[in-house]
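Engineer: Predicted model follows, preceded by the sequence.
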Amino acid sequence: MVESRKNICLLCSLGCGLIVDLECDEPVNLEYDTENGVNRGKLCAKGNYILELLNDPLRLDVPKKDGKPIRWEQAADEVADALRAVQGGKTAAVVLSGDASCEDVGLAFAFAADCTGAGKAAISLPTGDDKVVSALAETSGGVAQATLDDVENSVCTIAVGDPFARCPVIAGRVLAARNAARENSLNVVSRESNMTSRFAATHLLGPERDSMLDLVAAVVEARGGAKEKWLNQLVKGVDAGSDAQKLAKSFVESERAVVVLSTDDPVVAQLANALVKAAGDTKGLFALHDYGNARSIAEISSGDVSAEDVIKSAARGEIEVLLVLGADLVSSYPNLDVNGALSEVQLLVAGAPFPNKTTSLAGMVLPTALWIEQDGTFNGAQCQRVVAPPGGAMSYGDILKAVAKATGVELRAHEAPEALAEAALDEGKAAAIAKAAREEAVTSPVVSTATCFADGSLTDRVSWVKMVERVP
Amino acid sequence: MKKLFVDLDLCIGCQAHSVACSRVNHDILTMQSGEIPEEGTLPVVCRHCETAACVAACPNESMKKHEDGIVRRNMATCTGCMSCTLACPFGTLTRGMRLARHSSSKCDLCAPRVERGLEPACVATCPTSALQFREVEEVYEAKDVLVVGAHTIGHSPYIRRA
């Protein structure tokens, strides 16, 4: 008897629907959910590998301390003891991956408040998205957020970066809009030629910050100046090229227009917000993130401590107990000396579905469930678990609850922090953005590693080649 | 009969079709991706030729053109001599992977899925609907699409918007 259960994919921020067929509660087949409004059954290369994630022989399924299997109760007791032993001046920290459910994020904040003393809870979105999401939130006041239907009905679409590579399923909507009428256009702003720019009517090739600033200036000019002082300040002294002027004119005059944003640069993200704001009503922004529940988490997290801050604190010897759930900090931050920082931590507890570089450094390794193996809210959708996690793997929330219980605290479940307030651009911010936009982007690579296979692949766009060639 | 078509105006080269293909065929990748320098990648689709060179080349009669128009390979009798891969003028046949390393890989248009009323996996997953499973006559007579190289040897799977 085959039973079909629906869920969503969290390997990028779109949240495409999928169906897993089960036989005797074992996942046997992945099917395409044509009734899902997000993807209408379509899945990219990454989405097609979800069944392999569930059935992978490398999945962690038992807690281990110094390489030796231990019971969950013992693991929770030892973490609780370590937390209790944290002395003044030192602290404990929790880093949670971007594929955590909204409920688990709420629990992490409760855990940090009740169980770690003067501890910190950092929500790590190991894709660079934490900075982009914060940058977008800081300047989102009055900027319309486009829906997928808006993208599909757009007359003039401006793609920033390479959205087709990041989230191939969005390409269906973007190309449908482009092909709906002869006057419709797809335009691309990117540093180099890419998958998306092959389809572009206009391609502003070059540093994205420069091109975006040009575009904002050209839009302000096309509208005969801006009412907002900050916009005038932002574009002061910018002389847009003819291609930017033509594109800006088309963008402003189009009845429906959308900016599809795919960037790791927070300044470009803020300029995208400014572009939509400058162009007036009926324009919208659709932002894409590398994977996971990033957008929902950003909405409910206070964002006070980033994973990068935690790593730096650890390097200064300020963190005694570090609980990393889901994220692979070593692979995610190649420019930081994470190895050195983690060696300063008294007890490093790493929870992950697969072995990774962080688990190899950890004193204690905990097996975690994938999103598809737990109930929770992801990307605004309430999802029921499709299959039980292998062996003793537990969700991030359940791990935190178990440790809290061992410390004698009953976690207040599902209490999320307040949402980030919408903040508008003002003259002060505009001056800062204008200054940053004229500078060369400082590349600070942050690699997406959540839910990856042990070899660190899957989140790589061409990783299927490695997967297919991986002979047992 | 229904065959695969690739709309070149919609193909972004994401290669999702390859992953879906190897997934439903137990890691035997039957649909390759070709790369055109500076243009991108696109699916290389078995054309199920009327007079199939792979069928003629197979010394064991493992490759056969069936009544439904599909060229199928019998894995039980295939010795992996790779004559078919040499004979195919379109480069659609390659050596299989994993357990099927001894044989070539061959697209059967996902016959088991089609029998269940589903589309071939590559078509179902294609994010932009560039891969289409359509009646050959319907496509060749359609006024909104052009079949690229319609008069070359065999059936051409590549279409563009008119």
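Structural biologist: Perfect, I can see it now. Residues are numbered from 1 along each chain as shown, chains lettered A, B, ... in the order given.
Engineer: residues in contact with the residue of the stretch 101-250 of chain A found nearest chain B?
Structural biologist: Minimum separation of the stretch 101-250 of chain A from chain B (Cβ to the nearest Cβ) falls at residue A:168, amounting to 4.0 Å. No exception for glycine: its C-beta is placed from N, CA and C like everyone else's. Going by Cβ atoms under 8 Å, 6 or more residues apart in numbering or on different chains, residue A:168 touches A:44-45, B:12, B:14, B:16, B:127-128.
Engineer: Need the contact partners of the helix or strand bottoming out on mean pLDDT in chain B.
Structural biologist: The least trusted helix or strand in chain B, going by mean pLDDT, DSSP states H and E, turns out to be strand B:32-36, with a mean of 75. Strand B:32-36 is contacted from outside by B:13, B:15, B:17-18, B:41-44, B:91-92, B:94, using Cβ under 8 Å, 6+ apart.
Engineer: tell me the angle the longest helix anywhere in chain B makes with strand B:32-36.
Structural biologist: In chain B, with assignment by DSSP state H, the single longest helix is helix B:16-24. Helix B:16-24 and strand B:32-36 meet at an angle of 160 degrees, taking axes from the mean of the first three to the mean of the last three Cα atoms, to 10 degrees as the criterion.
Engineer: For helix B:16-24, enumerate the helices and strands it packs against.
Structural biologist: Other helices and strands packing on helix B:16-24, by 3 or more Cβ pairs under 8 Å, 6 or more residues apart in numbering or on different chains; DSSP states H and E, are helix A:463-469, strand B:32-36, helix B:121-125.
Engineer: The ones you listed: lowest mean pLDDT?
Structural biologist: With a mean of 43, helix A:463-469 has the lowest mean pLDDT of those.
Engineer: coming back round to it: among the contacts of residue A:168, which ones are in strands?
Structural biologist: Among the contacts of residue A:168, DSSP state E puts none in strands.
Engineer: Top of the residues you listed by number of neighbours, please.
Structural biologist: The residue in these with the most neighbours, by other Cβ atoms under 10 Å in any protein chain shown, is residue A:44 (32 neighbours).
Engineer: Would you confirm that that one contacts residue B:20?
Structural biologist: No: using Cβ atoms under 8 Å, residue A:44 is not in contact with residue B:20, being 9.8 Å away.
Engineer: Do a quick rundown of the strands in chain B.
Structural biologist: B:2-7, B:32-36, B:40-44, B:63-65, B:71-73, B:131-135, B:145-147, B:158-161.
Engineer: Kindly reformat those strands as a markdown table containing distance to residue A:430 and mean neighbour count.
Structural biologist: Listed next are the strands of chain B as a markdown table, based on distance: least, Cβ to Cβ, whole Å; neighbours: other Cβ atoms under 10 Å in any protein chain shown:
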| stretch | distance to residue A:430 | mean neighbour count |
| --- | --- | --- |
| strand B:2-7 | 44 | 21 |
| strand B:32-36 | 44 | 14 |
| strand B:40-44 | 39 | 20 |
| strand B:63-65 | 67 | 19 |
| strand B:71-73 | 64 | 21 |
| strand B:131-135 | 46 | 18 |
| strand B:145-147 | 48 | 18 |
| strand B:158-161 | 43 | 16 |
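Engineer: Reformat the ones you listed into TSV and put distance to residue A:281 next to each item.
Structural biologist: Below are the strands of chain B laid out as TSV (distance: least, Cβ to Cβ, whole Å):
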stretch	distance to residue A:281
strand B:2-7	34
strand B:32-36	42
strand B:40-44	36
strand B:63-65	60
strand B:71-73	56
strand B:131-135	37
strand B:145-147	37
strand B:158-161	32
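Engineer: can you tell me which of these the model trusts least?
Structural biologist: For the strands of chain B, where the average pLDDT is lowest is strand B:32-36, sitting at a mean of 75.
Engineer: quick one: that one to chain centroid distance?
Structural biologist: Per Cα atoms, centre = their mean, to the nearest Å, the displacement of strand B:32-36 from the mean C-alpha position of its chain is 12 Å.
Engineer: in its sheet, what does that strand sit against?
Structural biologist: Neighbouring strands of strand B:32-36 in its sheet, by DSSP bridges, are strand B:40-44 (antiparallel).
Engineer: With only the CA atoms kept, save the strand it pairs with in PDB.
Structural biologist: C-alpha atoms of strand B:40-44 as PDB (Å, rounded to 0.1, in the frame of the first residue of the first chain):
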ATOM      1  CA  GLY B  40      24.800  27.100 -22.300                       C
ATOM      2  CA  THR B  41      23.600  23.600 -21.800                       C
ATOM      3  CA  LEU B  42      20.600  21.900 -23.200                       C
ATOM      4  CA  PRO B  43      19.100  18.400 -23.000                       C
ATOM      5  CA  VAL B  44      20.300  15.900 -25.500                       C
END
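Engineer: Please list the residues of the stretch 151-300 of chain A that sit near chain B.
Structural biologist: For the stretch 151-300 of chain A, the residues found near chain B under the criterion Cβ under 8 Å from any Cβ of the partner chain are A:164-165, A:168-169, A:171-172, A:175, A:179, A:195-196, A:198-199.
Engineer: Distance to residue A:373 and pLDDT for the contacts of residue A:168 - can I get that in CSV?
Structural biologist: As requested, the contacts of residue A:168 are exported to CSV (distance: Cβ to Cβ, whole Å; pLDDT from 0 to 100):
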residue, distance to residue A:373, pLDDT
A:44, 21, 90
A:45, 22, 85
B:12, 31, 90
B:14, 27, 84
B:16, 24, 88
B:127, 25, 95
B:128, 30, 95
